[in-house]
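Asks: structure here, sequence nowhere to be found:
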């Protein structure tokens, strides 16, 4: 039986716990939850039969084989300093932007440390989670949530952390298209409804095909067609360079280079 502890029970931790609890191979899992946010922990425990709210964060550590740290970056040091995590345990850090070395400085017994970047889709077991370094036990759990990719080093891991900053921009793209329709007379609800229908289909394509991203671009264009026209006019060399430059700045912030 795998005993998984969660220190921090915010949105991402809840998504992981619920995804694991409702996976096809959940029978061997037990969950131990931090009491820091008592109301949220109690609600999560009520929805998962094998989940228990612990008396303290140290109680979570003591009762778990694998501890998921899911607190805000600025909280990680103070939280870890209050804990005694034995060498035989595994700490899985979902804390953004805090490198392994910085975490290890607060773990005197040197437990195994694995960094991950879980995304909200793990709740539906459709999220692909970044991981560093490779760890068979953690990879097995992430397979239940949609799979994982393992970075060759921590710098490569940080590039994946940087691209997660594009999620709200994706919706802002749809927001701009919807606003264009509204400016041309469409009711906002109808415009929103139409755009949702258009792009949910593309999401299904991403989920159900193994075609490369490059291949999907080509598959949704015809020579001289409207999709090719907009792609060439809007996603031109200057806009591609601007996006890459923005990602460079996000990467610098993630790695502390800014």
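Replies: That came through, no problem. For clarity, every value in this text was computed on a predicted model and none was experimentally measured. Numbers count the residues shown, from 1 in each chain.
Asks: now name the helix or strand holding residue 230.
Replies: When secondary structure is defined by DSSP states H and E, residue 230 falls within helix 226-234.
Asks: strands of the stretch 101-250 of the chain, start to end?
Replies: Taking DSSP state E, counting those that start in this stretch to define them, one finds strands in the stretch 101-250 of the chain at 112-117, 129-132, 148-150.
Asks: got the ones you listed as CSV, with mean pLDDT columns?
Replies: Formatted as CSV, the strands of the stretch 101-250 of the chain follow (pLDDT from 0 to 100):
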stretch, mean pLDDT
strand 112-117, 98
strand 129-132, 98
strand 148-150, 97
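Asks: surely residue 99 touches residue 153?
Replies: No - in this structure, residue 99 sits apart from residue 153 without contact. The criterion is CB atoms under 8 Å, and the distance is 10.9 Å. For glycine as for every other residue, the C-beta is placed from the backbone atoms N, C-alpha and C.
Asks: more neighbours: these two, which one.
Replies: Between residue 99 and residue 153, residue 99 has the larger neighbour count (other CB atoms under 10 Å), namely 19 against 9.
Asks: for the more buried one, which non-adjacent residue is closest in space?
Replies: Once flanking residues are discounted, residue 99 sits nearest to residue 154: 5.8 Å by CB to CB, 6 or more residues apart in numbering.
Asks: how about the nearest residue to residue 56, chain neighbours excluded?
Replies: Distances taken as CB to CB, 6+ apart put residue 35 closest to residue 56, at 6.7 Å, once the chain neighbours are dropped.
Asks: what pLDDT is listed against that neighbour?
Replies: We have a pLDDT of 92 for residue 35.
Asks: secondary structure of it: a strand, I assume?
Replies: No - Residue 35 sits outside any strand when classified using DSSP: H, G, I helix; E, B strand; the rest coil, being coil.
Asks: residues contacting it?
Replies: With contacts defined as CB atoms under 8 Å, 6 or more residues apart in numbering, residue 35 is in contact with 41, 53-57.
Asks: return the members of these classed as buried.
Replies: 41, 53-54, 57 (16 or more other CB atoms under 10 Å).
Asks: so where's the stretch 151-258 of the chain shaky on pLDDT?
Replies: For the stretch 151-258 of the chain, residues meeting the criterion pLDDT under 70 lie at 258.
Asks: sorry, back to before: adding mean neighbour count, write the strands of the stretch 101-250 of the chain out as CSV.
Replies: Below are the strands of the stretch 101-250 of the chain laid out as CSV (neighbours: other CB atoms under 10 Å):
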stretch, mean neighbour count
strand 112-117, 22
strand 129-132, 23
strand 148-150, 17
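Asks: which of the ones you listed sits closest to residue 22?
Replies: strand 129-132 (16.5 Å; CB to CB).
Asks: touching, residue 219 and residue 212? I think so.
Replies: No - with contacts counted by CB under 8 Å, residue 219 stays clear of residue 212, the gap being 10.0 Å.
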